[in-house]
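In: please find the sequence and the predicted model below.
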Amino acid sequence: MTSSRIGIFGGTFDPPHLGHLLLAENAADQLNLNVVLFAPAADPPHKQGERIASAEHRLAMVEMAIADNPRFALSRVDVDRPGPHYTFDMIALLAQQYPADELYFLLGGDALRDFTQWNNPDVIIANARLAVMQRPGAQIDLSSMEAELPGLIARTTFVNAPEIGISATTIRERLRRSHSIRYQVPAAVERYITERGLYLG
Ligand code: ATP
């Protein structure tokens, strides 16, 4: 059996946008990934209390966003498992499912900055390498993070990509104010949002 290189892209994807797609495509390209699994979060612990679109809407939107890319696939690994939904146990689960493969956990620079505060980040880097894309406004001091989480630097790769100042938060704000989100999300996702009146309230 030949081993594969698998990207895992967890996130709220509320909604999925071009920043996500660009991160995944550049990671796949530079790290020679066979596949990137987009794994929408069911009930992310850090976003409790905020209103988010239902997992089924987010899954449907991710499916549309990635439909034309043969290297991208939707994963229900996080939505279909019982909570609490921490990243470390999702990664450990995937490492069990793909014991012969090399896992890369994709994340933006903003997420890496807080990474040492996550639950059991040592479990994450024991099971996967990190593939990080810079994000505007997110300065990272990897060496001070290494002091808190030994082994981090050796397990982290930076992905070269244009910095994209698109976030799901600004997209939701724009929708609330009836501003255009064209070219920030795939056309099919924009249609899905408009037809269902998501993010208006
Ligand atoms: P929100 O604004 O609701 O926090 P988001 O746009 O950051 O959402 P998430 O679904 O929370 O989207 O992000 C999933 C992952 O994608 C995170 O690791 C995040 O850092 C990364 N990411 C999202 N947008 C970008 C971007 N424009 N550039 C780089 N990384 C990004």
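Out: That came through fine.
In: can you tell me the helix or strand for L106?
Out: Secondary structure assignment for L106, by DSSP states H and E: strand 102-108.
In: which parts of the chain sit against the ligand?
Out: When proximity is defined by C-beta under 6 Å from any ligand atom, the chain lies next to the ligand at 11-14, 19-20, 23, 107-108, 110-111, 133, 135, 164, 166-169. Where you see a C-beta, it was placed from the backbone N, CA and C, and this is true even at glycine.
In: isn't P162 right up against E25?
Out: No - using C-beta atoms under 8 Å, P162 makes no contact with E25, being 11.5 Å away.
In: contact partners for A60?
Out: Taking C-beta atoms under 8 Å, 6 or more residues apart in numbering as the contact definition, A60 lies against Y192.
In: for it, what is the enclosing helix or strand?
Out: Per DSSP H and E: helix 55-66 holds A60.
In: kindly report the same for V123.
Out: Per DSSP H and E: helix 121-127 holds V123.
In: quick revisit: show me what the strand holding L106 is packed against.
Out: In terms of contacts (3 or more C-beta pairs under 8 Å, 6 or more residues apart in numbering; DSSP states H and E), strand 102-108 is packed against strand 5-11, helix 18-30, helix 87-97, strand 129-133.
In: dump these to a markdown table, plus mean neighbour count, distance to R176 and mean pLDDT.
Out: Listed next are the helices and strands packed on strand 102-108 as a markdown table, based on neighbours: other C-beta atoms under 10 Å; distance: least, C-beta to C-beta, whole Å; pLDDT from 0 to 100:
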| stretch | mean neighbour count | distance to R176 | mean pLDDT |
| --- | --- | --- | --- |
| strand 5-11 | 23 | 21 | 97 |
| helix 18-30 | 20 | 19 | 97 |
| helix 87-97 | 18 | 29 | 96 |
| strand 129-133 | 23 | 27 | 96 |
